[in-house]
Every structure is written in structure tokens, then in C-alpha cells.
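Peer 1: Quick one, what's the 3D model for this:
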Amino acid sequence: GHLLKLWKSLVKMEDFRKYKIKTQQMSSADPIEGFVYMEFFGMQQLMEKINETLEGISNVLYGSGLLTSSIEKDSTTLLKSNSHVSSIDEVPDKWSAIWDGPASSSQYIHAFARKANALKRWLAKAQDAQILKEPLNLADLLHPETFLSAFRQRSARALQRGIDDLKLVTTFEDRVINADNIIMVVPNLME
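Peer 2: Okay, the predicted model is just below:
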């Protein structure tokens, strides 16, 4: 009931299904661009799994679907997660296998919806080759650690150095940044 309503209020599936990510986009020569396409594709896969799970449960509840072992397992997990008497917080394994987000299913859906909408902006920036032109919020990503690896790979190529020769330097002072460096601005780290 309420999880499906929450899901439908936060995520408009048709807004995301219109994006068709191609294999060649995910294997772009630019590691950061390739990452953004892979991240978006992974987000679409997770979105479909969440939708499939909640629609399947809803169909069973309203008598238009059959109860399968998968639907039973998912509904039991989600009922545990939303029970006021239970201290167990869980999301279905097929969700957390793609993104290990919050343990509570309603928090998971909220966080996922925020990231999904943010990833549309990342995708637009990647398509316009503008991804590093503005500050980046790594909290928008499902896999920020993979983004940092792509940034490292891109930096190594641009500097024509071995990836192991690079070191990540952070600063809060603009004057320390020199024009020869490859820069990524990440706001809100102290929040």
C-alpha cells in the first residue's frame, strides 16, 4: 500500500524510460563520461526492480496477480522493514545488490528517488561534455567510489602519467589550486 504510493509520488517511470543508454556510451573513451552512462543505466535497472517488486505486491493485494515465492519473500522483507514492533530494517536483496542504501525501505525509496533525479542532471552534463565544469555533489551517485576511480583514470590520461603516480589532493583554499592540475569541485563536504 503506502510504499507503492510513496514510490509513485516520487518516481515517474516514464521520465526515466525515455533514456536509452547504449553500450558504446558506457564504454566511452572518457572514463568519467562512461561512468555517468553506466551509473544511469544501473539506476534504471534498480528502478525497474523496485517498480517490479512494488507492482507485484500490489497486484497480489488487489487480486490481479499471483503470489510467487519471490513476491512473498519481498513482501515479508518489506513488512519487517516497516513494522513498528520490529527492530529489523531491511530492503529486498535484489535492491541492495545494486545499491546498498538505507536499511529502511521508505528511506531507501526517498534516497533513491533523489539520486535518480540528480542523475538525470549528471547525464545531461555528460552529454554536453560539461561534467567537470561545475561543482559535483558525490551524494548524487549510487557509487561515488567508482566515480573517483574514473576521475583518477581520466587524470592519469590527461597528465600522461601512470595511475599509481597520482595522488589526490584536497584543499579548502582556492589560491592553492594551480591551472596545471585537473580539478573537481565537491561542495557540501562539511554538512
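Peer 1: on contacts alone, who are the packing partners of the least confident helix or strand in the chain by mean pLDDT?
Peer 2: When the helices and strands of the chain are scored by mean pLDDT, DSSP states H and E, helix 69-82 comes last with a mean of 80. Other helices and strands packing on helix 69-82, by 3 or more C-beta pairs under 8 Å, 6 or more residues apart in numbering; DSSP states H and E, are helix 2-10, helix 31-61, helix 105-127. Bear in mind the C-beta positions are built from the backbone N, C-alpha and C, glycine included.
Peer 1: try 6 Å this time
Peer 2: Helix 69-82 sits against helix 31-61, with contacts defined as 3 or more C-beta pairs under 6 Å, 6 or more residues apart in numbering; DSSP states H and E.
Peer 1: can you give me how far the helix it packs on is from the chain middle?
Peer 2: The chain centroid and the centroid of helix 31-61 are separated by 9 Å under C-alpha atoms, centre = their mean, to the nearest Å.
Peer 1: What residues sit buried inside that helix?
Peer 2: 31-44, 46-47, 49-51, 53-58, 60 (16 or more other C-beta atoms under 10 Å).
Peer 1: Could I get the average pLDDT for it?
Peer 2: Rounded to a whole number, the mean pLDDT of helix 31-61 is 93.
Peer 1: tell me the angle that helix makes with helix 2-10.
Peer 2: Using axes from the mean of the first three to the mean of the last three C-alpha atoms, to 10 degrees, the interaxial angle of helix 31-61 with respect to helix 2-10 works out to 140 degrees.
Peer 1: could you say what helices and strands helix 31-61 packs with?
Peer 2: On a contact count with 3+ C-beta pairs under 6 Å, 6+ apart, helix 31-61 meets helix 2-10, helix 23-26, helix 69-82, helix 105-127, helix 144-159.
Peer 1: Which one of the ones you listed lies nearest to W99?
Peer 2: Of all these, the one in closest proximity to W99, counting by C-beta to C-beta, is helix 105-127 (7.0 Å).
Peer 1: if you average pLDDT over that closest one, what comes out?
Peer 2: Predicted confidence along helix 105-127 averages 94 (mean pLDDT).
Peer 1: okay, the helices and strands packed on helix 31-61 in a markdown table with distance to N137 next?
Peer 2: Written out in a markdown table, the entries for the helices and strands packed on helix 31-61 read as follows (distance: least, C-beta to C-beta, whole Å):
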| stretch | distance to N137 |
| --- | --- |
| helix 2-10 | 19 |
| helix 23-26 | 22 |
| helix 69-82 | 27 |
| helix 105-127 | 7 |
| helix 144-159 | 9 |
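Peer 1: Those: which one's closest to M184?
Peer 2: Closest approach to M184 among the helices and strands packed on helix 31-61 (C-beta to C-beta): helix 144-159, 5.9 Å.
Peer 1: Could you give me the buried positions within stretch 131-142?
Peer 2: Residues of stretch 131-142 classed as buried under the neighbour-count rule (16+ other C-beta under 10 Å) are I131, L136, D140, L141, L142.
Peer 1: Just give me how far that stretch sits from the chain centre.
Peer 2: On the basis of C-alpha atoms, centre = their mean, stretch 131-142 sits 12 Å off its chain's mean C-alpha point.
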